[in-house]
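Trainee: here is my input, please return the structure:
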Amino acid sequence: MTEPTTPLMQQYHAIKARYPHALLLFRLGDFYELFYEDAMIASRELQIILTSRNREKGQPIPMCGVPYHAAEGYLARLIRAGFKIAICDQMDQPGPGKKLVRREVVRVITPGTATDLGVLDIRENNFLAAVAPHPSGSPLGLAFVDLSTGEFQATEFSGPRAEEALRDELQLLRPRETLLPRPPQLFETAKTSLPEGTGGIESRLEDWT
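Mentor: Numbers count the residues shown, from 1 in each chain. Predicted structure coming up:
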């Protein structure tokens with residue numbers, strides 16, 4: 001992203017910086033707008049037109065939007081595709097002489113925390129899982145919950161087959177999202193990630209969380 005030069009885009013950048021791993025739906029009047037890479041992703045996934053906003057330092061800003069009154073259907077499609085969504089609403093009413101209204105993120109939805117029936121498949125559980133390895137590497141803790149039904153279970157795996165047993169359990173559960181500790185090293189390696197297709201999207205959290 002280029003450095004913002006207008007108050008509106010400065011506000012957008014400040015809010016987006018707090019939700020870097022989510023698609024930010026930014027309320028502008030009757031639309032939720034997405035900018036930059038978020039706009040390119042949403043345009044592709046939702047098959048809506050990608051346009052551009054005023055230039056920043058000579059570069060047009062990619063932009064696309066959806067009507068706020070019909071946003072739920074678009075949100076459902078993005079969540080089902082595995083994206084995290086941050087919904088930023090206008091907290092003040094626009095009025096004469098008011099150049100910039102206050103905006104705040106009022107809801108964050110992830111594949112594992114969705115409870116709306118428009119997003120869920122009633123034939124399957126929508127599990128949010130959490131994996132917590134002991135500092136020594138064993139045992140491996142696993143907890144999972146379906147927020148739409150309240151089902152919750154926890155277990156742990158130890159011994160030489162701990163990782164294999166965890167992988168087998170995740171393949172059975174097929175959670176939509178898995179919470180994992182943030183790797184201590186600067187760059188993530190394949191070893192720190194779950195095998196493809198077992199844990200849905202991965203959300204990295206600090207150890208204390």
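Trainee: which helix or strand contains the closest residue in space to A154 that isn't next to it in sequence?
Mentor: Excluding the flanking residues, the one nearest A154 by CB to CB, 6 or more residues apart in numbering is A143, at 4.0 Å. Any C-beta I mention is one placed from the backbone N, CA and C, and that applies to glycine too. Taking DSSP states H and E as the definition, A143 sits inside strand 140-146.
Trainee: beyond that strand, next helix or strand please.
Mentor: From strand 140-146 onward toward the C-terminus, using DSSP H and E, the following helix or strand is strand 151-157.
Trainee: shouldn't E164 be within a strand?
Mentor: No. Using DSSP: H, G, I helix; E, B strand; the rest coil, the secondary structure at E164 is helix, not a strand.
Trainee: show the pLDDT at it.
Mentor: Note on E164: pLDDT of 89.
Trainee: tell me who's in contact with the residue nearest to A154.
Mentor: By CB atoms under 8 Å, 6 or more residues apart in numbering, the residues touching A143 are A129, A130, A132, F152, Q153, A154, T155.
Trainee: and for A165?
Mentor: With contact taken as CB under 8 Å, 6+ apart, A165 is in contact with F157.
Trainee: ditto for C88
Mentor: Taking CB under 8 Å, 6+ apart as the criterion, C88 is in contact with I15, L24, L25, F26, R27, R103, E104, V105, V106.
Trainee: give me the element it is part of.
Mentor: strand 85-90.
Trainee: list the buried residues of that strand.
Mentor: By 16 or more other CB atoms under 10 Å, the buried positions in strand 85-90 come out as I85, A86, I87, C88, D89, Q90.
Trainee: run me through the strand neighbours of that strand, direction for each.
Mentor: strand 23-28 (parallel), strand 103-109 (antiparallel) (DSSP bridges).
Trainee: run through who's touching the longest one.
Mentor: Contacting residues not belonging to strand 103-109 are listed as 11, 15, 18-19, 22, 24, 26-27, 75, 79, 84-91 [CB under 8 Å, 6+ apart].
Trainee: which residues of the chain score low on pLDDT?
Mentor: Filtered on pLDDT under 70, the chain yields the residue ranges 1-3, 54-58, 97, 117-121, 184-199.
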